[in-house]
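Student: kindly return the folded structure for what I paste below:
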Amino acid sequence: MSLKLAKEVLQTEAEGITSLVEQLDQEFERAIELIMRCPSRLIITGIGKSGIIGQKISATLNSTGTASFFLHPVEAMHGDLGIVDTNDVVLAISYSGETVELTMLLHTLKKRKVKTIALTGNINSGLAELADVVLSAHVPKEACPLGLAPTASTTAALALGDALAVVLLDRKHFAASDFRRNHPGGSLGERLKTRVSEVMLTGENIPNVQKETNFLDAVAVLNEKNVGAVLIMEDANSVIGIITDGDIRRLVAGNADMTGLELENIMTCHPKFIDADLLAADALSIMQRHEVTLLPVKDKTGSLVGVLHLHDLLGQGEFRLLV
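Tutor: I've put the predicted structure just below:
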C-alpha cells in the first residue's frame, strides 16, 4: 500500500511538471528578455512554501550567472523594500495568485515602476493582473490526497525556475569555468576548518555600546563599524542585546522622533553566541539555522571577546551563502 501511494505521488508530480511544457508561451520569452535587459538584480519573493522554492531558485540563479536574492514580502513591507531599486526585476511566486502580502507588495512596486514577473497557477489572479509578465505554473492536481498541501505545484514552480536559470545561462554563454568561480568549495572548505578565534573581529572592531547610550550615538557606532549590527552591553564584557540595521530601518519607517528611544526597549534580547574555540563551520551552521549574519563570540568565562560576521567567515565577501 505504501509503495503504491508513493508511486502515485511521484506520477502526479511528474505529470505536473510535464503539463508546464504545453503552458510555455511567449510570456516565458518576455520574462527572459526582461531579465536579460535588467542592469541590476533579479529579486525573488514569495511566502510559505512558495518562499522556500523562491530561495532555491535564487540560489540556482546566483550559481549560474544571474545575480539574485530572496526578499521576504512581509519584511519588504516593513522596511526592507528600501533594497529594491527601480532597475531591479522582481519575480513573485504564488500558486493561488491571491496571496495578500504579495499583492500589497506588487501594488507598491508598480507605483515605483519596478518591472515584475508573476509565477502562478492562476493567470487570472490579482497577482497576474499587477505583473508585467505572467508565467503559468498550473498543475492538474496536487499529490497531497487532501488537495491541500502544496506538493505538485511547488515541484512545478521549482522546475520552471530551473528552466529560467538554464535558459539565462545559455543566453549569457556562462561557461564551466564561470561555474567553478562561483563554487570555490575547496577554499571555503579549508576556511571552515579554522577556529572562530582565528577569523573573528576583536578590540576596536567590535561594534558595541553601553545600554545607557543615546540611540543616535548607537546608530553612529553601527554605521562606523559597518558590520550590520551593534551589541548592547551591561558592562565591559556582558552582552544583553543586539540591534541590527534592519531594526533601524523599521524604526525609521514608524517613528517621527527617535531621539528619546531607549536601547533596551528596541534591542533583541539574548542574541545567539558562539564560543571562540569552535570551528568556523559551526558558526556557519548557527547563522544558517537562525538566519543571522553576525554572532558575538565569547570565551570560556562567558565574556565577549569578538564578533564574527558572515563576510569574514567566508572570506571578505569572496563567497556567497546559498540557502
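Student: contacts and neighbour counts: CA atoms only from here.
Tutor: OK.
Student: name the residues of stretch 276-293 that are buried.
Tutor: By 16 or more other Cα atoms under 10 Å, the buried positions in stretch 276-293 come out as Ala276, Leu279, Ala280, Ala281, Ala283, Leu284, Ile286, Met287, Thr293.
Student: would you mind writing the CA trace of it as CSV?
Tutor: C-alpha atoms of stretch 276-293 as CSV (Å, rounded to 0.1, in the frame of the first residue of the first chain):
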residue,chain,number,x,y,z
ALA,A,276,35.8,31.2,20.4
ASP,A,277,37.2,27.7,20.2
LEU,A,278,34.5,26.3,18.0
LEU,A,279,35.1,25.8,14.2
ALA,A,280,34.0,28.4,11.6
ALA,A,281,31.8,25.6,10.2
ASP,A,282,29.9,25.6,13.5
ALA,A,283,29.4,29.3,13.2
LEU,A,284,28.1,29.0,9.6
SER,A,285,25.6,26.4,10.8
ILE,A,286,24.3,28.6,13.5
MET,A,287,24.0,31.5,11.1
GLN,A,288,22.0,29.5,8.6
ARG,A,289,19.7,27.9,11.2
HIS,A,290,18.8,31.2,12.9
GLU,A,291,19.1,33.4,9.7
VAL,A,292,21.6,35.9,11.2
THR,A,293,24.8,37.3,9.7
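Student: reformat the buried residues of stretch 276-293 into a markdown table and put secondary structure next to each item.
Tutor: Listed next are those as a markdown table, based on DSSP: H, G, I helix; E, B strand; the rest coil:
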| residue | secondary structure |
| --- | --- |
| Ala276 | coil |
| Leu279 | strand |
| Ala280 | helix |
| Ala281 | helix |
| Ala283 | helix |
| Leu284 | helix |
| Ile286 | helix |
| Met287 | helix |
| Thr293 | coil |
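Student: okay, and the beta partners of the most centrally placed residue in the chain?
Tutor: Closest residue to the average C-alpha location of the chain: Phe70 at 3.7 Å, with Cα atoms, centre = their mean. Bridge pairing for Phe70 (DSSP bridges) gives the partners Ile44.
Student: is it true that it touches Ser50?
Tutor: No. The pair Phe70 / Ser50 is not scored as a contact, 11.4 Å apart, by Cα atoms under 8 Å.
Student: could you list the low-pLDDT ranges of the stretch 1-150 of the chain?
Tutor: For the stretch 1-150 of the chain, no stretch has pLDDT under 70.
Student: now do 90
Tutor: 1-2, 62-65, 77-83, 85, 144-149 (pLDDT under 90).
Student: ranges for the helices of it?
Tutor: Ranges of helices within the stretch 1-150 of the chain are 2-23, 26-37, 49-63, 73-76, 100-111, 126-130, based on DSSP state H, counting those that start in this stretch.
Student: distance between the fifth one and the chain's centre?
Tutor: Here the centre of helix 100-111 is set off from its chain's centre by 18 Å, with Cα atoms, centre = their mean, to the nearest Å.
Student: quick one, which of the helices of the stretch 1-150 of the chain is nearest to Ser303?
Tutor: helix 73-76 (32.7 Å; Cα to Cα).
Student: neighbouring contacts of the closest one?
Tutor: With contacts defined as Cα atoms under 8 Å, 6 or more residues apart in numbering, helix 73-76 is touched by Thr45, Gly46, Ile47, Leu81, Gly82, Glu101, Leu102, Leu105.
Student: closest to Pro145 among these?
Tutor: Ile47 (22.8 Å).
Student: check whether that closest one really touches His72, as I assumed.
Tutor: Yes. In terms of Cα under 8 Å, Ile47 counts as a neighbour of His72; the distance is 6.8 Å.
Student: pick the one among the buried residues of stretch 276-293 closest to Met77.
Tutor: Using Cα to Cα, the buried residues of stretch 276-293 come closest to Met77 at Thr293, 21.1 Å.
Student: show the contacting residues for the closest one.
Tutor: Contacts of Thr293 were listed using Cα under 8 Å, 6+ apart, and they are Met287, His309, Leu310.
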